[in-house]
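Chemist: What would the 3D arrangement of this be:
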Amino acid sequence: MTAETLSFQTEVGKILKIVANSLYSDRQIFLRELISNASDACDRLRYLAITDPSLTADDPEFRVELSVDNKAKTLTISDNGVGMNREALIEDLGTIARSGSSAFIDALNNEKDDNVALIGQFGVGFYSCFMIADTVEVTSRRAGEDQAWKWTSDGEGEFTIEEAERDSRGTSIVMKLKKDAKEFMEPTRLRHIVSTYSDHISLPIMMEIDGTKETLNQASALWTRQKKDIKPEQYTEFYRHIGHAFDEPAQTIHWRAEGRVQYTGLLFIPSMRPMDIFSPDRKHGVKLYVKRVFITDDCDELCPPWLRFMKGLIDSEDLPLNVSREMLQNNPALARIKSALTKRVLGELKKMADKKPEEYATFWENFGAVLKEGIYEDQENRDAVLKLSRFHSTHDDGLTSLEDYIGRMKEGQEAIYYISGEDIGALAKSPQLEGFRARSIEVLLMTDPVDEFWLPAVGEHDGKPLRSATRSGNDLDGIKAEDGKDGDKENDKKADEENVPGLDALVAMVKLELGDKVKDVRISNRLTDSPVCLSADEGDMDIRLEQLLRQHNQLNEQITRVLEINGKHPLITALSGIAGADGAGSKVSDAAWLLLDQARILEGEPLPDPTAFVRRMADLMAKGVAA
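Modeler: As a prediction, the model looks like this:
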């Protein structure tokens, strides 16, 4: 069969170009990536051989081998793992078979100074070999098949694939080294790289040096060692291997559980947020092993989805080696492991929050939105997650807990107030908060979409109701500020409003003009500087939740809101002054619609009739200029 020439997927071509020219600041990383892939291939075959021992009968000892050909200027990495057939070579090496590749390209173009940290998030480490090689030749034979295949490319946009000969299963990657990469043919250099980056690999990495075959790593499962015998850098390299990551772990959690269920856990909290953390098909990064044998990296029953940022493994002593997916779904031992894992992670996060608040603040900015999903989804751990939750607020620029918020509540304040939206800066300036600001009442600023779901589900915390600042029924009059004077000021303001001539008439005219476009028109006790705002009536859906549902086509009907009017604002007092005069109807009519549109704009809502808004605004400006 003659060689068939195929083109790389568009995204792969772009990645190859970036990789070859600028991706890695330290080129030796390529060896770690290829060894890690080889180790994964052996793990997968080891699992398949549990139910089909014939796959490894001829060669049961897994290994990775390095070899150098000084004459040909090549470096070869071989494994006796599961191998690939023609379809797998095309799919795995010619395309990126996962979502997010376009986002990866964008991120590489935008983050030029930190490209190393990005590639591992998208599983494209194989292409790092083109940093040191002019051409790459991959010969592979899948376990259980007789035919081998050869994949060849120079990384310039095309690759060839053809039938090949290989005596046994596995994969060999032959790299024709670039002129400036000859250092990677030196045994001492290769030994140093392996001991630095791949010492934790649980199968032997071998190389013939001076006629003797040497094992370059310890070749024992890192998680089976005592914690005191493991160096921080060894944990880091294992994290990078098992998580296909390039950042440092923010937290390492290593423990052994004995009792009704025996297992070892080695988990890591990343220091960087994966770019696909909110992707619908995103899975957690915790792998399941049984007695040091890899079983699966796709076990939903092992870790809750709201901890999907975790990476690492669980190695069980109790599960059978031939465990099936159906057995995993209904296994009581696995359920106990999941519960214990969750509590262990939450406990470690609490320690971080208590002892290292700055590090915890960084963790929260990266993964807080994911962790808060547990408040909504996991009633058993709801209280623990709530205590770990942190929020921006109007108190200061930092983060606060609900407990700290409650400790700062004003005399007479009965509720925990919050406001939700997309942007913290816009929320802090919202007219909805003017009355709260005037009384020095702290308001939590919620910007994560999940907030709209857990807040109504929880309802209260420590006996204090959670209440949206956009609700029209908020009674702030009984809350005193620190100087104790604001209540008197508001009482004076209310008395002044009652004395504004024509204010009641104006409210009635505006309500009549707007009709069913608003649920009601009311004099506001929250506005101090703005003339109007929209609020949600008691029992109605929160404004932010309505916007989210509408964005995702989950809501079609328009929910009418309450239009609140600031009776002391100069515009409102001026309109009140003409409300009862002859011929005031048209002026109030245009003003009513302009006030409603202004309130809509402040809430970030689209105007239903922009043309009418512009016409009314132009007429008003013309009259003002003429006057």
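Chemist: next helix or strand past the worst-scoring helix or strand of the chain on mean pLDDT?
Modeler: Lowest by mean pLDDT, DSSP states H and E among the helices and strands of the chain is helix 116-119, with a mean of 47. Going down the chain from helix 116-119, the next helix or strand is strand 133-141, by DSSP states H and E.
Chemist: could you say what helices and strands the helix or strand that that next one is followed by packs with?
Modeler: Toward the C-terminal end, the helix or strand that comes next after strand 133-141 (DSSP H and E) is strand 148-153. Identification of packing neighbours for strand 148-153 by 3 or more Cβ pairs under 8 Å, 6 or more residues apart in numbering; DSSP states H and E yields helix 86-94, strand 133-141, strand 158-164. No exception for glycine: its C-beta is placed from N, CA and C like everyone else's.
Chemist: quick one: strand 148-153 to strand 158-164, angle?
Modeler: For strand 148-153 against strand 158-164, the angle by axes from the mean of the first three to the mean of the last three Cα atoms, to 10 degrees is 160 degrees.
Chemist: buried ones in strand 148-153?
Modeler: 148-153 (16 or more other Cβ atoms under 10 Å).
Chemist: and if you look at stretch 364-375?
Modeler: So stretch 364-375, judged by 16+ other Cβ under 10 Å, has buried residues 364, 366-375.
Chemist: my read: Glu460 touches Glu414, true?
Modeler: No: Glu460 lies out of contact with Glu414 (Cβ atoms under 8 Å); the separation is 10.6 Å.
Chemist: ok so, going back, distance to Lys410 and secondary structure added to the buried residues of stretch 364-375, as TSV?
Modeler: Conversion of those to TSV gives the following (distance: Cβ to Cβ, whole Å; DSSP: H, G, I helix; E, B strand; the rest coil):
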residue	distance to Lys410	secondary structure
Trp364	26	helix
Asn366	33	helix
Phe367	32	helix
Gly368	26	helix
Ala369	29	helix
Val370	33	helix
Leu371	29	helix
Lys372	26	coil
Glu373	31	helix
Gly374	30	helix
Ile375	26	helix
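Chemist: Next, give me the two most distant ones among those residues.
Modeler: By the measure Cβ to Cβ, Asn366 and Ile375 form the most distant pair in the buried residues of stretch 364-375, at 17.6 Å.
Chemist: Give the full set of residues in contact with Leu506.
Modeler: The contact partners of Leu506, taken as Cβ atoms under 8 Å, 6 or more residues apart in numbering, are 565, 572, 575-576, 579, 588.
Chemist: what about it, which SS state?
Modeler: Three-state call for Leu506 (DSSP: H, G, I helix; E, B strand; the rest coil): helix.
Chemist: Single out the most deeply packed of the helices and strands packed on strand 148-153.
Modeler: Of all the helices and strands packed on strand 148-153, strand 133-141 has the most neighbours on average by mean count of other Cβ atoms under 10 Å, namely a mean of 21.
Chemist: can you give me the angle that strand makes with helix 86-94?
Modeler: Going by the same axes, to 10 degrees, strand 133-141 makes 150 degrees with helix 86-94.
Chemist: what's the average pLDDT for strand 133-141?
Modeler: For strand 133-141, mean pLDDT is 96.
Chemist: Nearest residue to the middle of this structure?
Modeler: For the chain, the residue sitting closest to the mean C-alpha position, by Cα atoms, centre = their mean, is Ile277 at 3.2 Å.
Chemist: My reading is that it lies in a strand. Confirm?
Modeler: No: assessed with three-state DSSP, Ile277 is coil; it does not lie in a strand.
Chemist: The nearest residue to Ala219 once chain neighbours are set aside: what's it in contact with?
Modeler: Nearest residue to Ala219 in three dimensions, chain neighbours excluded: Pro204, at 4.3 Å (Cβ to Cβ, 6 or more residues apart in numbering). Applying Cβ under 8 Å, 6+ apart to Pro204 gives the contacts 63-64, 215, 217, 219.
Chemist: Now list the buried members of those residues.
Modeler: Counted by 16+ other Cβ under 10 Å, the contacts of Pro204 give 63-64, 217, 219 as buried.
Chemist: Select, from the residues you listed, the two members most distant in space.
Modeler: Arg63 and Asn217 (10.7 Å).
Chemist: so what sits against both of those two?
Modeler: Here Arg63 and Asn217 share the contacting residues 204-205, scored by Cβ under 8 Å, 6+ apart.
Chemist: residues touching the residue lying closest to Thr528 once chain neighbours are set aside, list them.
Modeler: Take Thr528 and drop its neighbours on the chain: the residue closest to it by Cβ to Cβ, 6+ apart is Glu434, 4.3 Å away. Taking Cβ under 8 Å, 6+ apart, we find Glu434 in contact with 526-530.
Chemist: So for Ala438, what pLDDT did the model give?
Modeler: pLDDT, Ala438: 89.
Chemist: so when I look at the residue nearest to Thr528, I'm seeing a strand, right?
Modeler: No: looking at Glu434 with three-state DSSP, it is helix, so not inside a strand.
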